[in-house]
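> Quick one: sequence plus predicted model below, questions after.
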Amino acid sequence: MSKIAPDLSNLPSPKLEKHSRRPSLIWLMPFLALAISAGVVWNNYASKGPLITITFKSASGIVAGTTEVRIRDLRVGVVEAVGFSEGMEAVEAQIRLDKNIARYVDTDAEFWIVEPKVTARGVSGIGTLLSGVYIAANWDGKDGIRADRFVALDVPPLASFGEEGTRIVLKARAGGQLAAGAPVLTSGIEVGRIGQPKLSNSGTTVTMDAFILKPYDARLTTNTRFWDASGLSFNLGAQGIALKVDSLAALLEGGVTFGTPVTGGGPVADGHVFDVFASQSVARTKAFEADASPDISASILLDTDVNGLGLDTIVRFRGVKVGGVGDLVGIENGAEGPVKLRVDLRLSSKRLGLPGGLSADKVRALFDSRVANGLRVRVSAEGLFGQTVVLELVNLPSQAKAEITLDPDGRIMLPTAPAAVPDADTGVNGLVTRISNLPIEELMTAATQALNNVSKLTGTAESVLTADGVDRIPQTIDQTLQEVRALVTAIRDGGAIENLNATLRSADSALKSVDSAASSLPALAERLNAAADGLQSVVSGYDSDSRFYTDIRGVLRDISSTAESFRSLARSIERKPNSLLLGR
């Protein structure tokens, strides 16, 4: 079956129309997208803050794109990159800051890492356990000189910008337990904190900044004294044992306390230097010695080290304390020479009798004249057993001539004299020797015998006290006393005392009569003697064999004996007028 072709002749012919050639709007879309992208890029670039570089000792916890920079816990930047510094000596973090705060980041800006830390003062940075460490910042709100490179702090700063108070410098002996962040106390209240300690070049002193908060800084004067408050103080005295703990923080990480034992001090400014003393008693003593503070420096050289010689060893002149030892330094004397000990002295011009405010040249001139007259420095000892080492300024005219020298650093070097060391008979060694020479065995034997005798005496006393009738002695004594009281009462009530007084008055009258009679006895004896003499002349005319003569002679002997009796009675009454009443 064949196909029939269609007839195309009747189809209409196409009609052509003319159109204008205008660009399509679709072609604007790429340009619009490009403009928007450029605007976004420009806005992002224009809103970005500056890029700064902070140098850290290590990158502990710092992560690029994550670690933030905060000020007062508000984000102000983020770490963009972390890498090594040139020579790999440190770590540098590239930090993009917010544009709004960038103008305040000047040369005074401070940065440090905040991470979890447990100390005696508590737990800090505990929020970073979840969020990670962050970089804390500190600056004021004033425009300053722009900077883009900083070195991070090892510890937080003492005070934030805007925190009011006074910054001071504390100087203490090396060997204490003062640490950064340790508290500053007064009257038991924490009023400040201590910065990072710094060791001096000689290694004997430590200096540290401290910040005292307002209004407590008004208590600081030039007479204020600081002392170590390690948290525990022990004192044994007549009132017993005293144990004082200032605070747990001070006990574990150290701290200082200040007070003003002497009034009249002036105000202090930022940067004032205070010494830190070992204890409150030492600080108080130094406060009362402030009028004689050391203002003259001198040194001596010792050939060997002296046991017991240390910092603050007393320097005396004519028995008076005139200063102390400020430093001890070993000095090499050549490659093979022995090492000598340089002792730096800090002397008080007032205690030495010198005017204050002398220049170094005038001090040297004064010492020159005194050294020429025999002034020397020597090691000596004092105390009960001579074990306390001191240095003495003594005048020894017999010493060889010496002069003052200057060391390479310009120190005045005073000449020395041989040490005045106590002999073997003094000190602890001499005391031990004398104790060992004591007759200990004989003393112990005598002590044992004495104890035995005491024991025997005690036994005898015990036997006496336990004898029959001893327990009735108090009763007997009490009865006797009652009888005496009754007798005294009876005598008083019976008028015996008045009678006795009358008798005494009569006796006194009789004594006066006897005295009057006694005074006439010598005259009576003289008259008897005269009568005897007259009879003797009469008798001499008679015969000695006659009876009359014999009788008269007997009468004469009786008269003489009577006269002698009167004289003896007169002498007795004169010696003891009461013999007539007492009969003896």
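Okay, I see it.
> Correct me if wrong, but residue 487 is in a helix.
Yes: checked against DSSP: H, G, I helix; E, B strand; the rest coil, residue 487 lies within a helix.
> who touches the residue nearest to residue 137 when sequence neighbours are not counted in this structure?
In space, residue 137 comes closest to residue 71 once its chain neighbours are excluded; the distance is 4.4 Å by C-beta to C-beta, 6 or more residues apart in numbering. (Each C-beta comes from the backbone N, C-alpha and C, glycine too.) Going by C-beta atoms under 8 Å, 6 or more residues apart in numbering, residue 71 touches 101, 136-139.
> nearest to residue 170, of these?
residue 138 (22.3 Å; C-beta to C-beta).
> re earlier: for residue 191, see how far away the residue nearest to residue 137 is.
To residue 191, residue 71 is 26 Å away according to C-beta to C-beta, to the nearest Å.
> Which pLDDT value belongs to residue 24?
For residue 24, the model assigns a pLDDT of 66.
> same thing with residue 258?
At residue 258, the pLDDT value in this model is 92.
> and what of residue 579?
Confidence score, pLDDT, at residue 579: 55.
> circling back: and the residue nearest to residue 137, what are its bridge partners?
residue 74 (DSSP bridges).
> so where do the helices sit in the stretch 101-250 of the chain?
Per DSSP state H, counting those that start in this stretch, the stretch 101-250 of the chain carries helices over the ranges 128-131, 248-253.
> hang on, I meant the chain
With helices called from DSSP state H, the chain shows them at 28-47, 128-131, 248-253, 280-288, 360-372, 427-436, 440-465, 473-493, 496-539, 547-575, 579-582.
> Can you give the domain ranges for this protein?
Listed by automatic domain parsing, the domain ranges of the chain are 47-151, 165-288, 293-430, 439-465, 496-582.
> Ranking helices and strands of the protein by mean pLDDT, which lands last?
Within the chain, confidence by mean pLDDT, DSSP states H and E is lowest for helix 579-582 among all helices and strands, at a mean of 50.
> For the closest residue to residue 192 other than its chain neighbours, give me the pLDDT.
In this structure, residue 192 finds its nearest non-sequential neighbour in residue 184, 3.6 Å apart by C-beta to C-beta, 6+ apart. What the model reports as pLDDT for residue 184 is 90.
> re the thing from before, any idea how far the residue nearest to residue 137 is from residue 229?
33 Å.
> Same check on residue 456?
61 Å.
> cool, and residue 307?
Applying C-beta to C-beta, the value for residue 307 to residue 229 is 31 Å.
> Looking at those two, which has the bigger crowd around it?
Counted by other C-beta atoms under 10 Å, residue 307 and residue 229 do not tie: residue 229 has more neighbours, with 27 against 8.
> my read: the more buried one touches residue 256, true?
Yes: using C-beta atoms under 8 Å, residue 229 makes contact with residue 256 at a distance of 5.8 Å.
> Now the common contact residues for those two.
Residues within reach of residue 229 and of residue 256 at once, by C-beta under 8 Å, 6+ apart, are residue 185.
> Okay, now the unreliable bits of the stretch 51-200 of the chain?
For the stretch 51-200 of the chain, applying pLDDT under 70 flags the ranges 118-127, 174-177.
> Strands of that one, start to end?
Secondary structure of the stretch 51-200 of the chain (DSSP state E, counting those that start in this stretch): strands at 68-71, 74-84, 91-98, 110-114, 117-119, 122-124, 134-138, 149-151, 165-173, 183-186, 189-194, 198-199.
> mind giving me a markdown table with the ones you listed and columns for distance to residue 273?
What follows is the strands of the stretch 51-200 of the chain, written out as a markdown table (distance: least, C-beta to C-beta, whole Å):
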| stretch | distance to residue 273 |
| --- | --- |
| strand 68-71 | 32 |
| strand 74-84 | 36 |
| strand 91-98 | 35 |
| strand 110-114 | 23 |
| strand 117-119 | 27 |
| strand 122-124 | 30 |
| strand 134-138 | 25 |
| strand 149-151 | 26 |
| strand 165-173 | 5 |
| strand 183-186 | 15 |
| strand 189-194 | 14 |
| strand 198-199 | 13 |
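> between those, which gets nearest to residue 262?
Closest among the strands of the stretch 51-200 of the chain, once you apply C-beta to C-beta, is strand 183-186, at 15.6 Å.
> Please name the residues that touch the closest residue in space to residue 277 that isn't next to it in sequence.
Spatial nearest neighbour of residue 277, excluding adjacent residues (C-beta to C-beta, 6+ apart): residue 283 at 4.1 Å. Applying C-beta under 8 Å, 6+ apart, we find residue 283 in contact with 225-227, 259, 261, 277.
> mind listing which of these are in strands?
Under the assignment DSSP state E, those contribute 225-227, 259, 277 to strands.
> Of all pairs in those residues, which one is the farthest apart?
259 and 277 (11.0 Å).
> Now do the shared contacts for those two.
In terms of C-beta under 8 Å, 6+ apart, residue 259 and residue 277 are both contacted by the residues 225, 283.
> Tabulate the contacts of residue 283 (a markdown table), appending neighbour count.
Below are the contacts of residue 283 laid out as a markdown table (neighbours: other C-beta atoms under 10 Å):
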| residue | neighbour count |
| --- | --- |
| 225 | 22 |
| 226 | 22 |
| 227 | 21 |
| 259 | 17 |
| 261 | 15 |
| 277 | 21 |
